[in-house]
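Undergrad: This is the structure alone, sequence omitted:
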């Protein structure tokens, strides 16, 4: 299939990689020439990590990969003859509206348009005549390692288009979750948002440190979630326990304040995370590239172990 990827930044270059490794012919573009110029190098670095871990075969040499992807200077050239257009530009409504208008002017009418938006309702931003073949295919970073893809159609989306994209994602060895209807954040991001709200409360109010939070997640939640998920874990605990927790209001969610005092203090001090060398933790002993490579290797090792272990699945 001919794939066009619009946006070659953090997500876009990785989505170009995913679709190329899935056997598709990929063109990609970006409005920033520096981003466009650097995208192939980022893809090759990730490809080398996947090759090293045995996630892709040795036949996926850099030379072969370069035959599967091509950078283009304009949207018009990128979408020419495209069957699936993957939009991965910044999460700003007016930027997306402008990109969608350009796609509408230049892309084949039978092309499927899949937005990688995390939270925006992109359907009102799309030219009306494109709505039947527009949907959301939202990936998680880095998509060449994280298999989840949220697939969500709008009110006007042809159900056959949703099924086509679901199948494309599944055929690449990924895990599509088809939403019944649009809600910002889908499932995983909404759960993460609830977790962030709670841990900011615990840290700001002095109940726990960032290390305490991560110890609780890694040594508690994380040991069960890959095997049981959340709903199957409830079955193993017993649904009357969940029912009692709701009835007795054993948990009261923290107030949504719109900010975290500790987070604001860290950002003001320039502790912006891995890219800044420090965030909640000090990462300054390694470069961001080294840290990302280490993260990727550890996620790949975990994926291999989980494939061997397998999840607990009911019917």
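TA: Sure thing, it's come through. What you see is a predicted model, and the numbers here were worked out from it, not measured in a lab. Numbering: from 1, shown residues only.
Undergrad: residue farthest from the centroid of this protein?
TA: residue 248 (36.1 Å; C-alpha atoms, centre = their mean).
Undergrad: what separates that residue from residue 236, distance-wise?
TA: Separation of residue 248 from residue 236 (C-beta to C-beta, to the nearest Å) stands at 21 Å. The way it works is simple: take the backbone N, C-alpha and C, and place the C-beta from them, glycine included.
Undergrad: Next: residue 52.
TA: 37 Å.
Undergrad: Those two: which is more packed in?
TA: Between residue 52 and residue 236, counting by other C-beta atoms under 10 Å, residue 52 is the more crowded of the two (13 against 10).
Undergrad: how far away is that one from residue 140?
TA: With the distance defined as C-beta to C-beta, residue 52 ends up 22 Å from residue 140.
Undergrad: got it, and residue 88?
TA: 13 Å.
Undergrad: And residue 76, by the same measure?
TA: 30 Å.
Undergrad: Which residue of the two possesses the greater neighbour count?
TA: residue 140 (17 against 14).
Undergrad: How about the more buried one: what's its closest non-neighbour residue?
TA: Once flanking residues are discounted, residue 140 sits nearest to residue 146: 4.2 Å by C-beta to C-beta, 6 or more residues apart in numbering.
Undergrad: Next, the residue at minimal distance from the centre of the chain: phi, psi?
TA: Among the residues of the chain, the one closest to the centroid is residue 140, at 1.3 Å (C-alpha atoms, centre = their mean). The phi/psi pair for residue 140 (degrees, to the nearest 10) reads phi -120, psi 150.
Undergrad: That one is in contact with residue 148, isn't it?
TA: Yes. Assessed by C-beta atoms under 8 Å, residue 140 is found in contact with residue 148 at 5.4 Å.
Undergrad: Now do the shared contacts for these two.
TA: residue 188 (C-beta atoms under 8 Å, 6 or more residues apart in numbering).
Undergrad: From the structure, what's the count of residues near residue 172?
TA: Other residues lying near residue 172 total 16 when counted by other C-beta under 10 Å.
Undergrad: residues contacting it?
TA: 18-19, 21-23.
Undergrad: mind checking how far it is from residue 41?
TA: Using C-beta to C-beta, residue 172 is found at 23 Å from residue 41.
Undergrad: Would you mind giving the domain segments of the chain?
TA: Listed domain ranges for the chain are 2-178, 188-309 (source: automatic domain parsing).
Undergrad: Much appreciated, bye for now.
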